[in-house]
Each structure stands twice: as structure tokens, then as C-alpha cells.
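Peer 1: got a structure for you, letters missing:
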Ligand code: C2E
Ligand code: MG
Ligand code: MG
């Protein structure tokens with residue numbers, strides 16, 4: 001059956017109306033009737049009719065006018081005459097009937113053709129729509145989607161001029177893609193303005209035939225005359241207006257309602273494709289942001305450890321093919337914590353960002369950099385021929401600290417320690433290189449600040465030894481290898497012992513007796529400080545009470561116990577001190593807790609609360625190593641300090657360094673003025689003791705006077721001294 005043919009209910013089964021009509025009309029090829037066949041049939045009919053009529057006319061004339069012609073005897077001439085007339089009339093009736101049938105068939109054929117053309121057009125539209133939807137759904141890039149939408153719309157409507165406007169902000173449409181003359185027309189419209197603006201407001205498709213206000217439009221459009229017919233449809237997806245699709249007809253052509261409906265349908269598909277592409281774009285952006293965040297430090301925008309390791313690995317693999325070295329510089333800002341603690345984390349962040357900028361501007365363009373978090377940075381120096389080049393690069397980095405950093409109008413001076421590891425000398429993997437540079441950096445830090453240290457294999461062994469030591473230290477606490485020694489504190493004028501400072505010692509099974517300075521930094525790193533402090537506090541209180549019973553003293557000794565910065569932050573500190581006092585029955589005013597300035601600086605609020613709570617227990621507070629920290633004097637007013645212990649470095653210089661001498665003198669005076677006891681630490685020589693006496697420093701301790709002694713030795717010393 002042909003496309004577009006129509007069936008009726010009363011027709012012969014299997015035959016279309018046209019086929020039936022063709023059969024009735026007597027067409028030979030009635031299954032595929034054509035206009036030509038109909039014409040031919042009509043021609044046959046009329047030739048036959050005319051021939052027959054002529055024959056009959058001749059016969060009638062013969063019978064009527066030629067009397068010589070005698071019909072056979074059996075034939076009645078009248079009957080013959082009327083018979084012929086009857087035949088002529090019958091044939092004429094037949095011919096007329098056939099003519100009518102042929103005309104009907106012609107009509108049917110023409111209708112069928114019109115219908116077929118219309119259906120073919122619809123089919124083409126539907127397949128264009130389907131193709132367009134398929135194409136648009138396959139594309140994920142927004143720009144490509146927009147191009148495809150306009151191309152497909154043009155194909156659907158046989159146009160070349162059109163635009164896609166997308167909603168921008170609350171009530172604005174902006175042309176994001178255009179073709180033909182539209183590309184040269186205005187690119188922005190408010191909702192309600194112009195045809196597209198109207199469509200955006202009403203969300204109804206709009207068909208325009210003829211030019212609206214031709215004079216004004218012509219002026220606006222300048223060289224580009226407005227179209228005579230156009231279609232505009234809203235692009236709506238899930239009830240959200242995304243934009244408007246405008247298609248303009250070619251000159252002289254006018255769109256109809258049917259085309260508007262087709263474009264509306266198409267617009268729905270187009271809106272879905274735009275929404276999809278946008279979603280995809282957002283996800284892609286999010287994914288790329290996530291990847292960036294996963295591989296970068298967001299404060300400084302430098303690569304993080306993961307990305308940096310990757311770069312090192314890459315550099316190593318490249319280097320293997322060349323005869324060049326690569327070096328890793330591991331850098332740690334010295335005392336950065338103090339900036340955070342004293343000026344706040346915001347200031348700390350500002351310094352880190354400023355330093356990252358300086359670092360960026362100082363390294364060679366190809367060298368990779370990273371921030372590992374906190375105050376740790378790393379730089380990868382590639383293609384050097386000798387380790388000295390790496391040292392030169394590190395020196396360049398150190399020179400970045402020659403100028404202070406400005407934070408909130410304040411100048412902050414910083415330094416850094418740098419560890420260097422050079423590939424091919426020792427390490428072979430990115431991790432190993434990093435670990436070695438880190439080890440070298442730790443050594444640099446240990447040697448003082450602002451140092452550069454190149455990694456050596458022995459450092460690795462040292463680091464391992466430290467690890468072993470950490471494990472050993474925990475074992476030492478459990479096995480009671482830690483002991484408390486006591487260093488007497490003297491009233492210098494009276495040369496009388498007024499107290500003792502408890503100092504922890506480690507009876508190491510192989511290395512012998514270790515002073516606190518030899519293992520406490522390690523304990524701090526291993527998180528064992530609070531445990532050690534507790535142990536010392538209890539043991540020291542106990543010992544001092546026992547001594548009281550054993551040695552008759554004029555006045556009871558005071559006991560100074562050091563509290564580590566970590567312990568000072570510990571919420572259980574105050575209860576612990578209270579329970580130690582209660583358990584040993586030591587009077588609270590006999591106990592002096594020594595804290596360092598750096599401990600006060602960290603988290604001042606919490607520390608302040610703890611110090612006040614300790615004070616309300618009745619214990620005294622001493623500021624240890626006074627003078628080595630930051631802005632020391634202000635602490636004397638802000639915190640409830642009873643004792644100040646002048647650091648050893650000033651006592652060292654009290655006889656030789658005028659500055660140190662003046663400083664000690666000032667602290668002594670200040671103590672007197674503020675009613676704070678002043679203790680000079682680390683008196684090693686008589687001359688120092690004399691100088692302190694001259695400066696009227698009331699109290700002192702040091703090896704010259706007495707070293708830290710174990711419990712029994714202290715008992716004998718006290719007995720002897722009395
Ligand atoms: P610190 O509280 O300032 O203690 C004084 C340190 O100087 C002690 O070192 C002591 O042995 C040493 N010293 C005393 N007189 C002299 C001298 O004339 N010359 C020299 N050069 N040094 C002298 P130690 O025992 O190694 O302790 C070092 C630091 O470790 C202490 O400094 C203190 O801050 C800390 N510390 C010691 N024991 C403990 C403890 O049980 N808990 C806590 N948290 N810290 C402790
Ligand atoms: Mg101390
Ligand atoms: Mg001290």
C-alpha cells in the first residue's frame with residue numbers, strides 16, 4: 001500500500017477507496033492509478049463514444065435518407081431506427097457515468113497526493129525532531145549543544161537566521177548563540193521587552209507574521225532589516241525558564257501555526273539538552289575543583305604533598321635518562337607557632353601566604369614548590385650538576401627572610417631551617433628523598449635556627465636511634481627508670497637553702513644517667529610529657545615531705561616543679577596538683593609551679609584560666625627561663641606570677657656583658673617593685689654569684705652553689721649545710 005492512502009469502512013477488504021474507484025472507472029492498472037492512466041482511459045472512452053455515435057449517425061442517415069437501401073425483409077425499419085437511437089442513448093449514459101467516475105478518481109488521486117505530501121512533511125519533521133533530540137542528548141558541551149539546537153531548528157524550518165537567548169540574572173535575556181542576520185542584532189533584552197522578552201514573560205510560543213512597527217524596527221536594525229515572519233518559543237525545563245529560541249523566516253516566507261507547534265516541541269527537547277549540558281558542566285567544574293583541592297594547599301595555592309611527590313617521581317624518572325642531579329629542599333619556618341599564638345591564626349595565615357609569594361618569585365620557573373601544611377614548605381631543584389647548587393638555592397631562600405613580613409601593620413621577623421637531600425648521592429625514590437630532606441631539616445632545627453643542612457647517611461641512623469629512644473622512654477616510665485633529682489635554691493645574701501627544684505633524670509640502662517634536657521624534647525614529641533610531669537610532681541612532693549621529717553630545718557623548704565607547655569593546657573592539671581598536695585599533705589604555698597613564657601603564649605585564655613585556678617589552690621607560680629621569650633615584661637602584669645627565674649644566658653654574661661648585667665639589674669629592680677621573687681639560674685662561678693650579690697639579686701641556683709642531687713645525696717647535703 002502506498003504511503004498516505006486512506007481506507008473507508010465500506011470498501012472491499014484489501015482495496016483502498018482509490019483502488020476501488022479505479023476499478024469502477026475501468027482502469028487497467030487500478031492498483032496504482034495515475035492521473036496519466038485516467039487521462040488515457042478518458043481519451044479511450046471519448047474516442048469510442050465518438051466512433052459509436054458516428055457509426056450510428058451514419059446508419060440512421062442511411063436508413064432514413066437512402067430509400068434505395070432496402071433492409072432485409074425480417075427487419076422492421078422503424079424498429080431498427082428506434083433500436084439504434086436507444087443504443088446511442090444507452091452508450092451516452094454509459095460514457096457520462098464513466099466520465100463522472102473518472103473525475104471522482106482524479107479528485108481522489110489529487111487529494112491523496114496532497115495528503116501524502118503533508119504526511120511526508122510531518123514525517124520529515126518528526127524524524128528531524130528525533131534526530132535533533134538524539135544529537136543534542138549526545139553532546140555534553142554547552143556551546144556545542146547551542147550550535148546543534150540552532151542547526152536542527154534551521155533544518156526543521158528551512159531557515160538560516162535565528163538566535164538562542166539564555167536567562168541571565170533575574171530578568172535579562174542574553175544572546176548566547178546566533179546565526180544569519182540575528183548575529184548582528186541586539187544581544188540583550190529585559191523580560192517583557194521585544195518579542196523574545198514577551199515570550200520569556202508569558203512562556204508562550206509566539207508567531208509573528210509581517211513586520212511590527214516597520215519604521216522603528218528598521219531604524220533599530222540599521223543595515224539588518226527585520227524579518228517578515230518569525231517564531232519564538234520559550235526554553236523551559238522542569239518549570240524553569242532557561243531562555244528563548246528565535247527563528248526568523250527568509251524574506252517573503254511566512255510561518256504558520258503548525259510550524260510554531262513543531263518548534264515548541266523542539267524547544268522542549270532543546271531546553272532539556274541545555275539543562276543537561278549545564279549540569280554536566282557544573283559537575284565537571286566541581287570535579288576539577290575537587291581534583292585541584294585534593295592536590296593543592298588552598299591557603300597558598302601551592303601543590304600539596306601528594307602532587308609534589310608525583311612531581312618528584314616524575315623528575316626522578318626523567319633524571320635517570322640524563323646526567324644531572326635533583327635536590328629537594330625541605331623548609332620549616334622557625335618559631336612560627338609563636339606568631340600564631342601571639343598574633344592569632346589569621347596573622348599566621350597572612351605570613352604563610354606572603355612567604356609563599358616570596359618563594360614563588362625566588363625559584364627558577366621550572367622548579368616545583370609545595371606546602372605540606374603548617375609551616376613546612378618544599379622546593380624541588382632540578383638539573384643541577386653539584387650539591388653546592390642546591391645549597392646556593394637554599395641560601396637564596398634564606399635571603400627571603402632578610403626583610404620582615406608585615407602583618408596587620410606590624411613587622412614580623414622570621415627565619416627558617418632548611419634540610420637538603422640530593423638524588424643519586426643517596427636516595428632513589430620520591431619518599432626516600434623527602435624523608436632524607438626532612439631528617440636534614442630536623443638536624444638543622446636542632447642546630448639552632450636559620451640553618452641549612454645537607455643530608456648525610458649518618459643522620460638517618462640518628463633518626464632511627466631517636467625512634468628507638470622514644471620506645472625506650474615509654475619503657476623507662478613503665479619500668480620506673482625515671483628519677484627525680486633536686487637542685488637547691490639559695491637565698492644569696494644569707495647563703496641559706498630556701499627551696500629545691502625538682503628535675504627529672506633517666507637512669508638509662510646503657511647510657512647512664514641522662515639529664516632532662518637530653519630526653520624531654522623527645523618526650524614532648526612522643527606525647528609523654530604529661531605522664532612524666534605527673535610522676536615528678538607526686539614523687540617530688542612526697543620526697544620533700546619525707547625530708548622535712550628527716551632533716552630539721554629552720555623553715556620548711558619550698559618545692560619548685562616544672563610544668564611543660566602541654567601539661568599547662570591539660571584540663572586535668574588543676575585537679576592533679578590539688579590531689580598531689582592532698583595526698584602528701586604539702587602546704588600549697590610551699591609548691592612553686594615553673595612555667596615557661598612560650599607555654600603562656602599558647603592559647604592564652606585557657607592558660608589564664610588554669611593559672612588562676614592554680615593560684616586559688618594557694619600554689620605559687622614561677623616564670624622560668626625569663627628573658628628568652630617574647631614581650632616578657634607584659635606577662636608579669638597579665639599573669640599572677642610570684643617568682644621570676646632569670647635565664648642562664650644572662651647569668652653567663654653578668655660579669656662580662658654590660659647588656660646582660662643591665663638586664664639582670666633591671667629584672668631584680670622590677671621584681672622588687674612588683675613584689676615578685678627573683679631567682680638567678682645557672683650560676684656556675686663565684687664571680688657570677690658575687691656580681692648577683694652586688695646587684696642585690698635575692699635568690700640563685702647553679703652548679704657553683706649545688707648541682708641537682710638525688711634524694712639521698714640531697715639529705716646529706718642538707719644535713720651538712722645546716
Ligand atoms: P630549667 O627548669 O631551667 O632547669 C634548669 C636546668 O639547668 C636543669 O637542666 C639544670 O640541671 C640545669 N642547670 C642547673 N644549674 C646549672 C648551671 O650552673 N649551669 C648549667 N649549664 N646548667 C645548669 P635539666 O635538668 O637538664 O633540665 C632542663 C630543662 O628541662 C629544665 O630547665 C626544665 O625546663 C625542664 N625540666 C627538667 N625537669 C622537668 C620536669 O620534671 N618536668 C618538666 N616539664 N620539665 C622539666
Ligand atoms: Mg625550671
Ligand atoms: Mg630555667
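Peer 2: Yes, it's here. Given the structure is predicted, the values throughout are model-derived calculations rather than measurements. Ligands and ions are numbered 1, 2, ... in the order given.

Peer 1: which stretches of the stretch 551-700 of the chain form strands?
Peer 2: For the stretch 551-700 of the chain, applying DSSP state E, counting those that start in this stretch gives strands covering 558-562, 591-596, 620-626, 643-646, 677-680, 699-700.

Peer 1: Of those, give the one that comes closest to residue 51.
Peer 2: Of all the strands of the stretch 551-700 of the chain, it is strand 591-596 that lies closest to residue 51, at 136.7 Å by CB to CB. Placement of C-beta: from N, CA and C, glycine included.

Peer 1: which residues are contacting that closest one?
Peer 2: Strand 591-596 is contacted by residues 499, 501, 541, 558-563, 565, 568, 577, 581, 611, 614, 619-625, 629, 642-643, 645 when judged by CB atoms under 8 Å, 6 or more residues apart in numbering.

Peer 1: Mind checking the strands of the stretch 551-700 of the chain for the one nearest to residue 663?
Peer 2: strand 643-646 (8.1 Å).

Peer 1: Direction included, what does the closest one pair up with?
Peer 2: strand 620-626 (parallel), strand 677-680 (parallel) (DSSP bridges).

Peer 1: What are the buried residues along stretch 422-442?
Peer 2: By neighbour count on 16 or more other CB atoms under 10 Å, the buried set for stretch 422-442 is 422-423, 427, 430, 432-442.

Peer 1: Quick one, which of the residues you listed has the minimum pLDDT?
Peer 2: Model confidence across those bottoms out at residue 427, which has 53.

Peer 1: The lengthiest strand in the chain packs against which elements?
Peer 2: Determined from DSSP state E, the single longest strand within the chain is strand 496-508. On a contact count with 3 or more CB pairs under 8 Å, 6 or more residues apart in numbering; DSSP states H and E, strand 496-508 meets helix 457-478, strand 482-491, strand 512-514, helix 516-525, helix 529-550, strand 558-562, helix 711-721.

Peer 1: so how far is the last one off the chain centroid?
Peer 2: It refers to helix 711-721. Mean-position distance between helix 711-721 and its chain equals 66 Å (CA atoms, centre = their mean, to the nearest Å).

Peer 1: I'd like the distance between residue 642 and residue 621.
Peer 2: To residue 621, residue 642 is 6 Å away according to CB to CB, to the nearest Å.

Peer 1: What of residue 628?
Peer 2: Counting by CB to CB - residue 628 and residue 621 are separated by 18 Å.

Peer 1: Tell me which of the strands of the stretch 551-700 of the chain lies nearest to residue 180.
Peer 2: Across these, closest to residue 180 is strand 591-596 (CB to CB), at 79.6 Å.

Peer 1: what angle separates the closest one from strand 496-508?
Peer 2: Counting by axes from the mean of the first three to the mean of the last three CA atoms, to 10 degrees, strand 591-596 lies at 60 degrees to strand 496-508.

Peer 1: close to ligand 3, is strand 591-596?
Peer 2: No - judged by CB under 5 Å from the ion, strand 591-596 makes no contact with ligand 3; its nearest approach is 7.2 Å.

Peer 1: While we're on the closest residue to ligand 3 within the stretch 451-600 of the chain, how confident is the model there?
Peer 2: Proximity to ligand 3, evaluated over the stretch 451-600 of the chain using CB to the ion, is greatest for residue 594 at 7.2 Å. We have a pLDDT of 96 for residue 594.

Peer 1: Bridged to it, which residues?
Peer 2: residue 562, residue 622.

Peer 1: Counting neighbours, what do you get for it?
Peer 2: By the criterion of other CB atoms under 10 Å, residue 594 has 20 neighbours.

Peer 1: ok, now the one 5 residues further on?
Peer 2: The burial metric for residue 599, expressed as a neighbour count using other CB under 10 Å, is 22.

Peer 1: show me what contacts it?
Peer 2: Neighbouring residues of residue 599 by CB under 8 Å, 6+ apart: 563, 564, 565, 568, 607.

Peer 1: mind redoing it with 6 Å?
Peer 2: With contacts taken as CB atoms under 6 Å, 6 or more residues apart in numbering, residue 599 has the following neighbours: 565, 568.

Peer 1: distance of it from ligand 2?
Peer 2: From residue 599 over to ligand 2 the distance is 12 Å, taken as CB to the ion, to the nearest Å.

Peer 1: ditto for residue 647
Peer 2: According to CB to the ion, residue 647 and ligand 2 sit 10 Å apart.

Peer 1: got it, and residue 48?
Peer 2: 139 Å.

Peer 1: Skipping its backbone neighbours, what lies nearest that residue in space?
Peer 2: Counting by CB to CB, 6 or more residues apart in numbering, residue 95 is the residue found nearest to residue 48 once chain neighbours are left out, at 7.8 Å.

Peer 1: Confirm that that neighbour sits in a strand.
Peer 2: No - the assignment for residue 95 is helix, going by DSSP: H, G, I helix; E, B strand; the rest coil, so no strand is present there.

Peer 1: count of neighbours near it?
Peer 2: Neighbours of residue 95 under the rule other CB under 10 Å: 18.

Peer 1: ok, now residue 365?
Peer 2: Neighbours of residue 365 (other CB under 10 Å): 5.
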